[in-house]
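Undergrad: Next come a sequence and a model predicted from it.
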Amino acid sequence: MKKLIILLLSIVSIALISSCDKGELGPVANTTDPGTPSLEAPNSGQSYTLTEGEAENTLMTVEWTEPDFGFSAAPTYSIQIAEAGSDSGFVSLGTTQETSFDVVVKAFNNLLLKEKFAANNTHALDLRVSASISDSVTKAVSEPVSISVTPYLVEVNYPKIYVPGGYQSSSGYTTNWEPADAPPLFSVNDDDNYEGYVYIANGGSQYKFTAERNWQDGDWGTSGTEGELESPGNNIVASSSGYYKMNVNLNDLTYSTEVTDWAVTGSATPNGWAGDNTADHDMTYDPQTKVWSLDLSLSAGELKFRANDAWELAYGDVNGNGRLDTENENNIAVEESGNYTIILDLSDAPYTYELQKN
């Protein structure tokens, strides 16, 4: 009898579950194979040359069809680009919940430069759209279209602080203790971390940092503890003469300095790559032009700049655009053999160089 009652209860439970309206369960997302958005514009093969004069204009309107997630949804779309043929490395141009997106010249150009696409060079890119409704639902990603884009060079006005001091007149910076003539330090990431190079001709010279090219807007000096700043603080004393790399962090009020001497090394140089038994080719600093230079016979090959006969501080040019960086695989190519004047300019940001064939 007990077994019969259990059997009847089971049958009733199954019947009740089967009789429920499926609509009461709500929509069920197609989490394994959502429909894919299809790009309708631009067409594959389109070519764009970006210009600063059209910076605020719309370059193109990206358009696509809605994906099918199996129910009515409002996806967030991310418009993405990557180097052509990349399976990864896509970065977003922007997001929207519409099925179109206007790409503005300036924003596109800035993204390309940020992602290390060299200015004034043509780059093959893949463009795609990714649709998402939640972390638990598989994103719907369009097939990419191929486009080519040539970005333009932008001169960025980086935030600056300044280094006035008693060293200025003897070091090529005109008037002592005059912020208007003082060399700047730059915050290239706009994060209150500043870096730059300052030549100090005489050891024992004193200096401070100012927020602007005046004393009225604030200044910083040493707190009395090496490497620590306070406002206004005391004068900082240069321990020796030299070409100083200076770093200032205004977030935690710290600073550091390092004297640097610059040289060239590489397979293109007569000595080849520097090592334990191979010397660099030393450069000479000119306080008037504020650049390092060297006349040297080069062969076809590669070179880099490095400080203090070591690799802890070295610069190359990953994009081949004359702007120095510390990226990996950034050796500078020398295409033709010959005698060159090599110029290194660390007085402004971004740091630059020239290879002038004589």
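TA: Noted; the coordinates are in hand.

Undergrad: what residues are up against the nearest residue to residue 334 once chain neighbours are set aside?
TA: Counting by CB to CB, 6 or more residues apart in numbering, residue 268 is the residue found nearest to residue 334 once chain neighbours are left out, at 4.0 Å. Any C-beta I mention is one placed from the backbone N, CA and C, and that applies to glycine too. Residues in contact with residue 268 (CB atoms under 8 Å, 6 or more residues apart in numbering) are 298, 299, 300, 301, 302, 303, 334.

Undergrad: Kindly provide the distance from the nearest residue to the fifth one once chain neighbours are set aside to residue 303.
TA: Translated: residue 302. Closest residue to residue 302 in three dimensions, ignoring its sequence neighbours and counting by CB to CB, 6+ apart: residue 331, at 3.9 Å. To residue 303, residue 331 is 7 Å away according to CB to CB, to the nearest Å.

Undergrad: When the two are compared, which one has more neighbours?
TA: More crowded of residue 331 and residue 303, by other CB atoms under 10 Å: residue 303, with 25 against 16.

Undergrad: Can you verify the more buried one is assigned to a strand?
TA: Yes. Residue 303 sits within a strand when classified using DSSP: H, G, I helix; E, B strand; the rest coil.

Undergrad: residue contacts, the residue lying closest to it once chain neighbours are set aside?
TA: Nearest residue to residue 303 in three dimensions, chain neighbours excluded: residue 266, at 3.1 Å (CB to CB, 6+ apart). Contact partners of residue 266, counting by CB under 8 Å, 6+ apart, are 272, 273, 301, 302, 303, 304, 331, 332, 334.

Undergrad: Just the buried ones out of those residues, please.
TA: Using 16 or more other CB atoms under 10 Å as the burial test, the contacts of residue 266 include 273, 301, 302, 303, 304, 331, 332, 334 as buried.

Undergrad: Roughly how far does residue 48 sit from residue 144?
TA: For residue 48 relative to residue 144 (CB to CB), the value is 16 Å.

Undergrad: Compare the two (neighbour count), which wins?
TA: residue 144 (20 against 17).

Undergrad: What part of the chain, helix or strand, is modelled with the least confidence?
TA: Least confident helix or strand of the chain, by mean pLDDT, DSSP states H and E, is helix 2-19 with a mean of 41.

Undergrad: who touches the next helix or strand after that helix?
TA: Next helix or strand after helix 2-19 toward the C-terminus (DSSP states H and E): strand 39-41. For strand 39-41, contacts defined as CB under 8 Å, 6+ apart pick out 60-65, 127-129, 142-145.

Undergrad: among those, who's most crowded?
TA: Counting by other CB under 10 Å, top hit in these: residue 129 with 27 neighbours.

Undergrad: In three-state terms, label that residue for me.
TA: strand.

Undergrad: Spit out the contact partners of it.
TA: 37, 39, 62, 64, 77, 78, 79, 80, 141, 142.

Undergrad: Can you tell me how far it is from residue 38?
TA: In terms of CB to CB, residue 129 sits 9 Å off from residue 38.

Undergrad: Regarding residue 72, what is its secondary structure?
TA: coil.

Undergrad: nearest to residue 182, of the contacts of residue 268?
TA: Checking the contacts of residue 268 against residue 182 by CB to CB gives residue 303 as the nearest, at 32.2 Å.

Undergrad: correct me, but the closest one touches residue 335?
TA: No. Taking contacts as CB atoms under 8 Å, residue 303 lies outside contact range of residue 335: 11.9 Å.

Undergrad: Any chance of JSON lines for the contacts of residue 268, columns pLDDT and distance to residue 243?
TA: JSON lines is the format used below for those (pLDDT from 0 to 100; distance: CB to CB, whole Å):
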{"residue": "298", "pLDDT": "98", "distance to residue 243": "24"}
{"residue": "299", "pLDDT": "98", "distance to residue 243": "28"}
{"residue": "300", "pLDDT": "97", "distance to residue 243": "30"}
{"residue": "301", "pLDDT": "97", "distance to residue 243": "27"}
{"residue": "302", "pLDDT": "97", "distance to residue 243": "25"}
{"residue": "303", "pLDDT": "97", "distance to residue 243": "20"}
{"residue": "334", "pLDDT": "96", "distance to residue 243": "25"}
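
Undergrad: for those, which one is nearest residue 70?
TA: residue 302 (55.0 Å).

Undergrad: so who does that closest one touch?
TA: 266, 267, 268, 331, 332, 333, 334.

Undergrad: Bridged to residue 258, which residues?
TA: residue 245 (DSSP bridges).

Undergrad: Enumerate every residue touching it.
TA: Here residue 258 is in contact with 244, 245, 313 (CB under 8 Å, 6+ apart).

Undergrad: where's it relative to residue 95, distance?
TA: For residue 258, the distance to residue 95 - CB to CB - is 43 Å.

Undergrad: same question, residue 239
TA: On the measure of CB to CB, residue 239 and residue 95 end up 52 Å apart.

Undergrad: Low-confidence regions, this structure specifically.
TA: Counting by pLDDT under 70, the chain shows low-confidence ranges at 1-35, 71.

Undergrad: can you rerun that using 80?
TA: Residues of the chain meeting the criterion pLDDT under 80: 1-36, 68-73, 87-89, 114, 116, 134-138, 155-156, 319.
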